[in-house]
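**Student:** Let's see this in three dimensions:
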Amino acid sequence: MLPDSDVVDGVVLGQASRKGLASILRAGAVVIDMSSSQPLRTRLLAQALNDAGKRFIDAPVSGGVKRAIQGTLAIMAGGETSVIEAQRPLLAHMGTTLTHVGPAGAGHAMKALNNYVSAAGLLATVEALQLGRQFGLDPAVMTDVFNSSTGKNNTTENKVKPFMLSAAFNSGFSLALMAKDLGIAMSLGRDIGRPMQLGEEVLQMWRKASAELGPGADHTEMYRWLAASGD
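**Tutor:** Modelled structure (predicted):
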């Protein structure tokens with residue numbers, strides 16, 4: 001699990017000053033990239049490893065710090081079925097759900113798109129809470145209504161009360177990383193000729209919040225940032 005495709009490529013393919021895993025690992029060895037990487041670059045990396053006699057899986061995760069500690073993450077895997085199935089016992093120590101979503105690169109595409117849906121849902125939730133608060137509604141009561149109605153989502157269920165309304169802002173996932181994952185999703189859309197209009201707007205808001213709050217800000221601080229921008 002590394003920060004981005006640049007770092008992954010450096011570790012796997014090597015750099016001018018050091019060898020990479022591709023030239024060190026034995027023939028048939030499996031590299032599992034559980035980072036949030038760029039799907040099209042992941043395809044190229046998988047091909048490079050295949051050419052070097054190695055195997056590759058991209059298997060990013062979702063679930064946050066709590067589920068990582070519990071070993072109950074959701075894992076979305078891209079690669080050959082036989083290779084993924086051979087690694088299922090290993091991956092089962094980290095997650096309770098392992099879904100084969102397609103060939104190499106598909107796992108990273110799925111992760112980026114999942115985080116886009118998550119980030120858009122968080123932003124919509126926070127905007128609604130801040131508007132309701134200004135109107136005179138209690139955000140805690142609003143959250144209860146969302147969770148018993150069609151507005152229910154991961155943010156309303158797992159983030160609003162423990163991390164936002166409590167002002168803890170310590171979910172363990174940074175706002176900058178969410179912005180990075182959104183950038184991956186939007187870049188993929190542009191690269192394959194399917195840009196996402198709403199997604200681009202969501203990305204710009206997350207990037208602006210990240211720039212103003214700094215690299216250490218938790219992603220749940222979007223609640224605080226939008227409150228300040230509207231007051």
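
**Student:** In the protein, mark out all the strands, start to finish.
**Tutor:** Taking DSSP state E as the test, the strands found in the chain are 30-33, 55-58, 61-62, 73-78, 95-102.

**Student:** Kindly present these as JSON lines, with separate columns for mean pLDDT and mean neighbour count.
**Tutor:** (Glycine included, C-beta is placed from N, CA and C.) Shown next, in JSON lines, are the strands of the chain (pLDDT from 0 to 100; neighbours: other Cβ atoms under 10 Å):
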{"stretch": "strand 30-33", "mean pLDDT": "98", "mean neighbour count": "20"}
{"stretch": "strand 55-58", "mean pLDDT": "98", "mean neighbour count": "26"}
{"stretch": "strand 61-62", "mean pLDDT": "94", "mean neighbour count": "20"}
{"stretch": "strand 73-78", "mean pLDDT": "97", "mean neighbour count": "24"}
{"stretch": "strand 95-102", "mean pLDDT": "97", "mean neighbour count": "17"}
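
**Student:** Need those in CSV (columns: distance to Gly14).
**Tutor:** Below are those laid out as CSV (distance: least, Cβ to Cβ, whole Å):
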stretch, distance to Gly14
strand 30-33, 13
strand 55-58, 16
strand 61-62, 26
strand 73-78, 23
strand 95-102, 28
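
**Student:** nearest to Ala128, of the ones you listed?
**Tutor:** strand 61-62 (23.4 Å; Cβ to Cβ).

**Student:** Distance check, the residue in the chain sticking out farthest from the centre against Met142.
**Tutor:** Largest separation from the mean C-alpha position in the chain: Gly136, at 33.9 Å (Cα atoms, centre = their mean). Distance, Gly136 to Met142, using Cβ to Cβ, to the nearest Å: 11 Å.

**Student:** looking at the strands of the chain, which is closest to Lys161?
**Tutor:** Across the strands of the chain, Lys161 has its closest neighbour in strand 61-62 (20.6 Å, Cβ to Cβ).
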